[in-house]
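Participant: Build me a model:
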Amino acid sequence: MSALYLLIPVAVAALWFVVRYRDGSLRRAWKRPAPDAPRQAPPAPAAEEPVWEFRPENYGLVPDDQVNTDLAGPDPHLVDALRAASSGDWRPASALLAGSDPEWRWIRLVSLAKAAAEDDSWLRTWRGTRPDDPGAALVAAQSLIELAWKLRGAKQAEHTDQEQFENFHRVLAQAPSALAEAARIAPAEPAPYLGMMSVALGEGWPHERMAALWGEVVARAPEHVGAHVVALQYWCAKWRGSHALMYEFAEAAAAQAQPGSLLPMLRLAAIYEELIGQRSDHPGYHSPATTAAIDALLVDVRACPPEHAWLPAARHLLVWFLWAQRRLPEAAEQLRLVDGYIGALPWKYHSNPVKLYSPVRTHITLHVARMARESA
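Facilitator: Residues are numbered from 1 along each chain as shown. Presented below is the predicted three-dimensional model:
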């Protein structure tokens, strides 16, 4: 009889285990978030769906393994041109560049140049067939710059070896003559001068020489967002400038811009450059100046033509900064418009962009879903 009494607690425990396992709560308790999730993303608020069981597709979002890390937003024409180039057909690339406005042409040019840096057989055929095609000259020149930076690698100088530096400078030195040829073929085109700014950054041009080059850019395209993004890199502290010079450049561009130009995004890009590696609770993310920069860009985004090439990139910055300030419904509004593409700041600076994007997206989405449930 005493042995029977001893079995009663064991039977109760076994019954509890079976019930909890069948209703799923015990299995959920065993699961944990991925240990390598970025430290910038805090845990999502409590919701019916635990954060580690979050499925983007349940919320109308793109699954992590289908997110495009190359583009800031959809560009099916570029995708088609890249696909054709990979099979040796240069004609879609030629038509695409010829039919693009300067902003779109720069973005597409960089993508095509990166493809040529991997395999330039289609580009050599293009140049041989149409030697005076401005698009071919631009891609040829820019591909040297893309190849040089690829040979150097993306790591900081102290983590880059001598051979990488030598290869970088060897290839980069070939770019100015190719850019000059592109400028000769298309004298009104700003793209060759944008390429020269990358040369100026890599070769360490003095500020006076960079300023003269910048004059050539603004004479052709004074509100070219891509040009300002490239120039901002030169003026930031990690390259040839300082925080003060970077902010001065960004503020001057934003303050003088026409509504809807998207140049106010430079303020947030500059703030992010200074705060790279900091947690989202850093005071820099919550200062009055940062809040004013966010609000100014929100206004500018609303005034911007929907076809503007840099609109997705501006929205990505807003997602990050609105999330950092825990303005999550506003962040969700921007997120919905760019989800599925993360080839933009801040995500593209991360060694694995999806690992930065995914927890931020999860936090925003679950929080807004919880708010919707509570209000209902």
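
Participant: residue ranges with poor pLDDT in this structure?
Facilitator: 1-50, 52, 152-161, 163, 165 (pLDDT under 70).

Participant: Going along the chain, name the helices of the stretch 51-200 of the chain.
Facilitator: 76-86, 91-98, 102-118, 121-129, 134-152, 162-172, 175-185, 191-203 (DSSP state H, counting those that start in this stretch).

Participant: can you redo these as a markdown table with distance to residue 288?
Facilitator: From N, CA and C alone the C-beta is placed, and that goes for glycine too. Below are the helices of the stretch 51-200 of the chain laid out as a markdown table (distance: least, CB to CB, whole Å):
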| stretch | distance to residue 288 |
| --- | --- |
| helix 76-86 | 39 |
| helix 91-98 | 43 |
| helix 102-118 | 31 |
| helix 121-129 | 49 |
| helix 134-152 | 37 |
| helix 162-172 | 41 |
| helix 175-185 | 42 |
| helix 191-203 | 31 |
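
Participant: Among those helices, which comes closest to residue 249?
Facilitator: Counting by CB to CB, residue 249 lies closest to helix 191-203 out of those; the figure is 12.2 Å.

Participant: residues in contact with that closest one?
Facilitator: 102, 105-106, 109, 138, 141-142, 145, 148-149, 152, 168-169, 172, 175-176, 179-180, 182-183, 186, 205, 209-210, 213-214, 216-217, 220, 224, 226-227, 230-231, 233-234, 239-240 (CB atoms under 8 Å, 6 or more residues apart in numbering).

Participant: Can you point out the buried residues in it?
Facilitator: Neighbour counts over helix 191-203 (16 or more other CB atoms under 10 Å) mark 191-202 as buried.

Participant: Please apply the same query to stretch 326-339.
Facilitator: Buried-residue list, stretch 326-339, by 16+ other CB under 10 Å: 326-328, 330-336, 338-339.

Participant: got those residues as a markdown table, with secondary structure columns?
Facilitator: Formatted as a markdown table, the buried residues of stretch 326-339 follow (DSSP: H, G, I helix; E, B strand; the rest coil):
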| residue | secondary structure |
| --- | --- |
| 326 | coil |
| 327 | coil |
| 328 | helix |
| 330 | helix |
| 331 | helix |
| 332 | helix |
| 333 | helix |
| 334 | helix |
| 335 | helix |
| 336 | helix |
| 338 | helix |
| 339 | coil |
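
Participant: Of these, which is the nearest to residue 303?
Facilitator: residue 334 (15.2 Å).

Participant: I'd assumed residue 318 was in contact with that closest one.
Facilitator: Yes. Under the criterion of CB atoms under 8 Å, residue 334 makes contact with residue 318 at 4.6 Å.

Participant: picking that back up, out of the helices of the stretch 51-200 of the chain, which comes closest to residue 346?
Facilitator: Distance to residue 346, taken as CB to CB, is lowest for helix 102-118 among the helices of the stretch 51-200 of the chain, at 18.0 Å.

Participant: Alpha carbons only: can I get that closest one in PDB?
Facilitator: What follows is helix 102-118, C-alpha atoms only, in PDB (Å, rounded to 0.1, in the frame of the first residue of the first chain):
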ATOM      1  CA  PRO A 102      20.300  60.800 -63.400                       C
ATOM      2  CA  GLU A 103      19.300  59.400 -60.000                       C
ATOM      3  CA  TRP A 104      18.100  56.000 -61.300                       C
ATOM      4  CA  ARG A 105      21.100  55.900 -63.800                       C
ATOM      5  CA  TRP A 106      23.600  56.200 -60.900                       C
ATOM      6  CA  ILE A 107      22.000  53.400 -58.800                       C
ATOM      7  CA  ARG A 108      21.700  51.100 -61.800                       C
ATOM      8  CA  LEU A 109      25.100  52.000 -63.100                       C
ATOM      9  CA  VAL A 110      26.700  50.900 -59.800                       C
ATOM     10  CA  SER A 111      24.800  47.500 -59.900                       C
ATOM     11  CA  LEU A 112      25.800  46.900 -63.500                       C
ATOM     12  CA  ALA A 113      29.400  47.900 -62.700                       C
ATOM     13  CA  LYS A 114      29.500  45.400 -59.800                       C
ATOM     14  CA  ALA A 115      28.300  42.700 -62.100                       C
ATOM     15  CA  ALA A 116      31.000  43.600 -64.700                       C
ATOM     16  CA  ALA A 117      33.700  43.500 -61.900                       C
ATOM     17  CA  GLU A 118      32.700  39.800 -61.500                       C
END
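
Participant: now what about it, what contacts it?
Facilitator: 70-71, 75, 77-78, 81-82, 85-86, 93, 96-97, 100, 122-123, 135, 138-140, 142-143, 145-147, 150, 189-191, 194, 221, 224-227, 308-310.

Participant: My read is that residue 305 contacts residue 260, right?
Facilitator: Yes. With contact defined as CB under 8 Å, residue 305 counts as touching residue 260 (6.5 Å).

Participant: Name the residues of the longest helix along the chain that are buried.
Facilitator: In the chain, assigned by DSSP state H, the helix with the most residues is helix 353-375. Buried positions in helix 353-375, judged by neighbour count with 16+ other CB under 10 Å: 353, 355-370.

Participant: related to what we said a few turns ago, narrow the contacts of helix 102-118 to those that are buried.
Facilitator: 71, 75, 78, 81-82, 85, 93, 96-97, 100, 122-123, 135, 138-140, 142-143, 145-147, 189-191, 194, 221, 224-227, 308-310.

Participant: Buried subset of the contacts of helix 191-203, written for ChimeraX?
Facilitator: Buried residues among the contacts of helix 191-203 (16+ other CB under 10 Å), as a ChimeraX selection:
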select :102,105,106,109,138,141,142,145,148,149,152,168,172,175,176,179,182,183,186,205,210,213,214,217,220,224,226,227,230,231,233,234,240
